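J.: Please work out how this folds:
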Amino acid sequence: MKELIGIAQPHPITDFMSLSPVKKLSEFNSELCTSCGNCARCPYLAIKLDDKGYPHSDPALCIGCSICAKKCFVGAIVMRERSPEELAVLVEN
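T.: Just a heads-up that it's a prediction; the model follows:
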């Protein structure tokens with residue numbers, strides 16, 4: 001049993017000081033997206049679905065937590081670097 005502990009998730013917790021200071025932004029691949037709406041459950045309300053059910057991220061609300069990318073079961077969401085314009089609209093408290 002001891003050999004199995006930690007195999008699935010060898011580092012399930014990231015230390016605070018190991019987190020990146022760069023706030024990335026979610027980007028969506030519409031070819032992979034199944035329009036399930038799971039990503040729209042964003043706790044920061046940064047993701048809205050268009051009339052076809054495809055997600056779009058609001059750069060002013062997205063804090064770069066990547067919860068959406070981790071919860072997307074088809075891999076349609078990736079985190080990317082922000083453009084200077086997107087970085088300018090991000091309001092940090």
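J.: Now do the contacts for Ser35.
T.: By CB atoms under 8 Å, 6 or more residues apart in numbering, the contact set of Ser35 is 49, 52-54. The way it works is simple: take the backbone N, C-alpha and C, and place the C-beta from them, glycine included.
J.: so how far is Val89 from it?
T.: From Ser35 over to Val89 the distance is 26 Å, taken as CB to CB, to the nearest Å.
J.: Name the residue closest to the centre of the protein, please.
T.: Ser66 (2.6 Å; CA atoms, centre = their mean).
J.: Return the residues in contact with that residue.
T.: Contact partners of Ser66, counting by CB under 8 Å, 6+ apart, are 24, 26, 79.
J.: Any regions of this structure where pLDDT drops low?
T.: Applying pLDDT under 70 to the chain flags residues 4-16, 18-19, 92-93.
J.: can you give me the helices in this structure?
T.: Using DSSP state H, the helices of the chain run over 67-71, 84-89.
J.: Cool, thanks, talk later.
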